[in-house]
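Student: coords please:
(3 chains)
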Amino acid sequence: MTDGIQELVEREYQYGFTTDLDTEIAPKGLTEDVVRLISAKNREPDWLLEWRLGAFRHFLTLEEPTWPNIHHERIDYQNMSYWAAPKSKGPAPKSLDEIDPEMREMFDKLGISLAEQERLSGIAVDAIIDSVSVATTFKARLAEAGVIFCSFSDAVRDYPELVRKHLGSVVSPRDNFFATLNSAVFSDGSFCYVPAGVRCPMELSTYFRINAAETGQFERTLIVAEPGATVSYLEGCTAPMRDENQLHAAVVELVAAADATIKYSTVQNWYPGDAEGRGGIYNFVTKRGRCAGARSKISWTQVETGSAITWKYPSVILQGDDSVGEFYSVAVTTNYQQADTGTKMIHIGRNTSSTILSKGISAGHAQNTYRGLVKILRSATGARNSTQCDSLLIGPDCGAHTFPYVEVKNDSAQVEHEASTSKIDEDQLFYCRQRGLTAEDATSMIVNGFCREVFDELPMEYAVEAQALMRVSLEGSVG
Amino acid sequence: MLSIRNLSAAIGTTHILNGVDLQINAGEVHAIMGPNGAGKSTLGQVLAGREGYTVTGEVTYDGANLLALTPEARAAAGLFLAFQYPVEIPGVGNMYFLRTAVNAVRLARGLPEYGAIDFLALAKEQMARLDMDPALLSRSVNAGFSGGEKKRNEILQMSMIEPRFAILDETDSGLDIDALRVVAKGVQALRSPDRAMLIITHYPRLLEYVVPDQVHVLSGGRIIRSGDSDLARELETDGYGPTFAGHARAPSASAPLNAVTTP
Amino acid sequence: MITTSPLLERLVPDDTALLGERSSAPGAEAWLETIGLPTARDEAWKYTPIDKILAATFDPVSKPTPDAVDLAMLNELAGDHRGPRLVFINGFFAPELSRNAMVNAGVNCCNEAALTIKPSGPYVATAADRTRFDGFQALNQIAGRDGAVVLVDRDTHVREPIHVVYLSVPGARPAATHPRTLLRAATSSEVTLIETYAGFDGPGLTNAATTIVVEPGAVVTHYKVQAEGAGATHLAHTNIRQACGSSVRSCSFMLGAGIARNAVDVVLGGNDATVELDGLYLPNVTQRHDNVITVEHAASACTSRQQFKGVIDDHARGSFSGRIIVQPGTTATDAAQTSRSLLLKPTAEADTRPWLEIFAEDVKCTHGAAVGRLDSEALFYLRTRGISEHDARTLLIQAFIAGMTEAVQPMMLRSHLDAAIATKRSSGTPPLSTEGSA
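Tutor: This is a model prediction of the structure:
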């Protein structure tokens, strides 16, 4: 490309500040005592403690997976703290007015004014700092509709039967290294339950924030949509700039009963590390949904711009007949970021269908990998899958990799997979610049166009945010 | 306004332009004609700043060295190229693209940017003049447009950007007669004493509607003949044959252009 | 990893009495000692039923009696493509069935053992290249006895195709052969090589290694026909190394064997090299056909094309794994890959892994993959024109296959292939009715 385009300038991470919250933090290290401590802090029932301990014991037998296309120094699981919480100054806040002003200020800085959200945007927000949920808005209005939306720890206390029934039903505590770790030490998260026939009256959203240093974040999200229910859920994530790497190993489980629809959107902007690849979040996340009932639908949309390393494969088990799974993804990696992300679509029921649309953008020295599995089991008569997987390269030192697996065991299945990898089209760039756009604006516009179909799947207000985020992410990748 | 001296361009070892000289003053419309492969489109691309060519020679635009500028700086300075093959940009809204382009150029000229609502009204007005379906605004830039729609979209951009110097590269090719008239009307509307145009064309049809002040024949990467608008008519009747025959007999490339004028 | 010593004993029984000393292959020995044979956990072997292969115990190969195969049988099994022909039976060179081995000036074409001066240079994959070596290639180097060598000199254009035939005449208990083929096409030469692996029915393992070295500007056309008996296991590695401006077209046709794995590994090591890889695999009954293809763009301005088609019938399983690797520092890469699998029965299975690993910016890489059954609309259309369902299906399958066989240049080979495919298809179970094929 042209003069100066290769010039990498330091890019600014907008959310890199730390907030001086008075934080209570567990001692470093992973032991049975720490698991017990977390459980005790959450005042959990015995069955949950046993569940955690079972996961912990299994974890001791596991080794970190080596198959992902990522490279990092060995993570010392004994050199981090597994639980941190902003110290509450008195009893839990009953309304937003009672929230610690410093915390409110932090959320204002993040552009998530909890009060504003409640008044203006009509989006219910559960805010999670480090290990605990600090505020959930709109509870009352949701309750009117019968929707339960609260922190995971509240759900364990208030709706133990629901939690017990569904926890681990999609992602077993033995599923994989990181899911098992999460099962042992998960701290808090969001819980959402939409009863039969209810269309959730507003977008639900969880905001995740890692604030404390040398702490891992292990949240757990469980969303249950009963027959005929509909819910749209969005999560956003940020973290301060720190030189060391921080671990984030979350688990998200979705259960959709017959005719239920769950739409889950993620705008992931954890701190990606600096231009030399120092620091940043290790984002090892297990997300899976089960289309348990007939005609149910689970749709994942993700915009991944942050984290030093991203390892996640939001998947759908298509169990119910005629159920639908979707995965729409934009993954942007710049500087020394690494992403190994994709999806699994497991077709079990008849006439199940899935769509995969993945757009990867790699710049600087980054490595961006799509990894996906489409599996059509013998029982999945009439199954359909369509996959489109495109990668864009910006600069000579980055990489883009595509590792799809397609396994078909039923002849009536129709599976189509298409993929392409290329650099930004020179003709498009020249055309835009001839019309007066700078190389950087032109690149940003073309890249946004490349991602359009995925952004279109996001709720409106987040689509705009995603575009802005993309622009910031790519700043400095082109001159 | 634009002065080209001994302009040459090559891709690798293939020489495409071999010393083009051309002077275009404000208010003038020049036509460049010539057979396929003569280097016509390359001339337009090189003037607009397309990378990948090895360029030598001089081009001054309003007294400044045009060749030193980036494509966007040339656009900001008022140079516009209507592409022979307008580029498709999937996912980028046509309206959004148009407004971004117009405002980028306006900003560079010190003019206020258009707001979304004013701009939409203006764009629709221009589109009506060009007999364009307003629905094309909400589609992706040129994606899935027919040949004629793409060409009109180029003229729409030109009308909105209001360049000082416009190069139209084969804008007439692939247009039916009605579309040609509409496009010609759009081009004619932009003619003004402080603007200049360079119309690159293979056929003289467009020149029936937009009568040029001067016509040049480009062949083998250099201008081998120049004349007034009658030259275009003559080429229509006789084709490029006689011109080339004359060129072939020309004693040297530096011979006065009139020396190779035939019939 | 597998402990190799007992395994090695089972796979490579001591047959020094019959065959004399093994050739020394120290790198390969060490490889088997430390790394061993691949396991089901190795990504490249994911779709090969490796455990089944390794469960067998092999007898020493027996040298077939002179009358085991006559010319007519040979021609029926392997076809006669005119031109020079080297024939090996159970790994032993069969001069009486071979012909015209030394063709003419500029070409040296003989069995390896007859070669007085061994070809020098890095012509075979070595254990030093960890990423593209495996235990079976090591085994081939250790246990291989003989094979075909074709050396084409500079500027030599070989008109007739050179045919190399490996025949298996199995005994009652399984034996393993480790044939190897080396083709070196020197600068600006041109040659066509046909490899045929065929045999009578019975248990056995063919563990073949083929190396094709293509020097600057050389043009190589390579066909590999695998038509082994249903009881056989066929494992083959074809390593193609291309220098600048060279051009290779390699086509593989998989018809036989109970378990077959066709690995092709191409390195485009010089600028402006071109490779075209085609593959057709037709597993039926309980056959397993696995294609594992790697094309590495290690130089600039290279072009690669892969086109693989599978027709999978009965309880068979067909797999295609294709990797395109574009190395850092290369420019102007053009790489494309398509994989299409046709499932003819509800019990047939297909796996596809079209992989791209791109470490450079200036690339144009695409892949497309599709798995499905016969187009029901096309079937319907044909039936409305009065063609029976059975014939309509046959017609559509033929059309799907024809795309691959029509490009075969030596006409003799093409008609042999057409006949072999027709025989295989008609001997399979009759086409299923379209019940449920809406």
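Student: from here on, contacts and neighbour counts on C-alpha atoms
Tutor: Noted.
Student: Just the CA trace of stretch A:56-71, in CSV.
Tutor: Taking only C-alpha atoms (Å, rounded to 0.1, in the frame of the first residue of the first chain), the coordinates of stretch A:56-71 have been written out as CSV:
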residue,chain,number,x,y,z
PHE,A,56,-12.2,-28.6,40.9
ARG,A,57,-11.1,-32.2,41.5
HIS,A,58,-11.6,-33.0,37.8
PHE,A,59,-9.6,-29.8,36.9
LEU,A,60,-6.6,-31.2,38.8
THR,A,61,-6.5,-34.1,36.3
LEU,A,62,-6.6,-31.8,33.2
GLU,A,63,-3.9,-30.1,31.1
GLU,A,64,-4.3,-26.9,29.3
PRO,A,65,-5.2,-27.6,25.6
THR,A,66,-2.5,-27.1,23.0
TRP,A,67,-4.5,-27.4,19.9
PRO,A,68,-5.6,-23.8,19.5
ASN,A,69,-3.6,-21.7,17.1
ILE,A,70,-2.4,-19.4,19.8
HIS,A,71,0.9,-18.8,21.6
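Student: touching chain C at all, it?
Tutor: No. Contact between stretch A:56-71 and chain C, assessed by Cα under 8 Å from any Cα of the partner chain, is absent, since the two come no nearer than 9.5 Å.
Student: Can you list the buried residues in that stretch?
Tutor: Buried positions in stretch A:56-71, judged by neighbour count with 16 or more other Cα atoms under 10 Å in any protein chain shown: A:Phe56, A:His58, A:Phe59, A:Asn69, A:Ile70.
Student: could those residues go into JSON lines alongside distance to chain B, secondary structure and pLDDT?
Tutor: Converted to JSON lines, the buried residues of stretch A:56-71 look like this (distance: Cα to the nearest Cα, whole Å; DSSP: H, G, I helix; E, B strand; the rest coil; pLDDT from 0 to 100):
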{"residue": "A:Phe56", "distance to chain B": "47", "secondary structure": "helix", "pLDDT": "93"}
{"residue": "A:His58", "distance to chain B": "47", "secondary structure": "helix", "pLDDT": "94"}
{"residue": "A:Phe59", "distance to chain B": "45", "secondary structure": "helix", "pLDDT": "93"}
{"residue": "A:Asn69", "distance to chain B": "30", "secondary structure": "coil", "pLDDT": "85"}
{"residue": "A:Ile70", "distance to chain B": "30", "secondary structure": "coil", "pLDDT": "84"}
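Student: List the beta-bridge partners for A:Tyr282.
Tutor: Beta-bridge partners recorded for A:Tyr282 (DSSP bridges): A:Leu247, A:Ile309.
Student: just to revisit the earlier point, closest one to A:Pro404 out of the buried residues of stretch A:56-71, please.
Tutor: A:Pro404 lies nearest to A:Asn69 out of the buried residues of stretch A:56-71, by Cα to Cα, at 13.2 Å.
Student: can you pull the contacts of the closest one?
Tutor: Listed by Cα atoms under 8 Å, 6 or more residues apart in numbering or on different chains, the contact set of A:Asn69 reads A:Asp340, A:Thr369.
Student: Ramachandran angles for it?
Tutor: Backbone dihedrals for A:Asn69, given as degrees, to the nearest 10, come out at phi -90, psi 60.
Student: quick one, strands of the stretch 151-263 of chain B?
Tutor: Counting by DSSP state E, counting those that start in this stretch, residue ranges of the strands within the stretch 151-263 of chain B are B:165-169, B:196-201, B:214-219, B:222-227.
Student: For A:Thr261, which of those is the nearest?
Tutor: strand B:165-169 (52.0 Å).
Student: Show residues contacting the closest one.
Tutor: The set of residues external to strand B:165-169 that reach it, using Cα under 8 Å, 6+ apart, is B:41, B:44, B:78-84, B:158, B:195-201.
Student: for the chain, what helix or strand is lowest in average pLDDT?
Tutor: Looking at chain A here, since you left the chain open. Using mean pLDDT, DSSP states H and E, helix A:114-116 stands out as the lowest-scoring helix or strand of chain A, at a mean of 50.
Student: other chain: chain C
Tutor: Counting by mean pLDDT, DSSP H and E, chain C has helix C:16-19 as its least confident element, at a mean of 45.
Student: Which residues are in contact with the residue of the stretch 51-200 of chain B found nearest chain C?
Tutor: Residue of the stretch 51-200 of chain B nearest chain C, by Cα to the nearest Cα: B:Gly52 (13.8 Å). Contacts for B:Gly52 were tallied using Cα under 8 Å, 6+ apart; they are B:Ile11.
Student: For beta bridges, what are the partners of the residue most central in space within chain C?
Tutor: What sits nearest the mean C-alpha location of chain C, by Cα atoms, centre = their mean, is C:Asn262, with 4.5 Å. Using DSSP bridges, the bridge partners assigned to C:Asn262 are C:Ala236, C:Asn291.
Student: what sits against it?
Tutor: Residues touching C:Asn262, when contacts are defined by Cα under 8 Å, 6+ apart, comprise C:Leu235, C:Ala236, C:His237, C:Thr238, C:His289, C:Asp290, C:Asn291, C:Val292.
Student: which ones are touching the third one?
Tutor: Which is C:His237. Contacts were defined as Cα under 8 Å, 6+ apart; by that measure C:His237 touches C:Gln137, C:Ala208, C:Ala209, C:Thr210, C:Asn262, C:Ala263, C:Val264, C:Asp265.
Student: how about 7 Å then?
Tutor: If a contact means Cα atoms under 7 Å, 6 or more residues apart in numbering or on different chains, then C:His237 has C:Ala208, C:Ala209, C:Thr210, C:Asn262, C:Ala263, C:Val264 as its contacts.
Student: Could you point out the helix or strand that follows the helix or strand that contains the last one?
Tutor: The secondary structure element spanning C:Val264 is strand C:259-268 (assigned by DSSP states H and E). Using DSSP H and E, the helix or strand that follows strand C:259-268 in sequence is strand C:274-281.
Student: Figure out how far that next one is from the centre of its chain.
Tutor: Distance of strand C:274-281 from its chain centroid, counting by Cα atoms, centre = their mean, to the nearest Å, is 11 Å.
Student: which one of the strands of the stretch 151-263 of chain B lies closest to A:Ile361?
Tutor: Of all the strands of the stretch 151-263 of chain B, it is strand B:165-169 that lies closest to A:Ile361, at 33.4 Å by Cα to Cα.
Student: Tell me the gap between that closest one and the middle of its chain.
Tutor: On the basis of Cα atoms, centre = their mean, strand B:165-169 sits 2 Å off its chain's mean C-alpha point.
Student: Which strand or helix spans C:Ser339?
Tutor: strand C:333-343.
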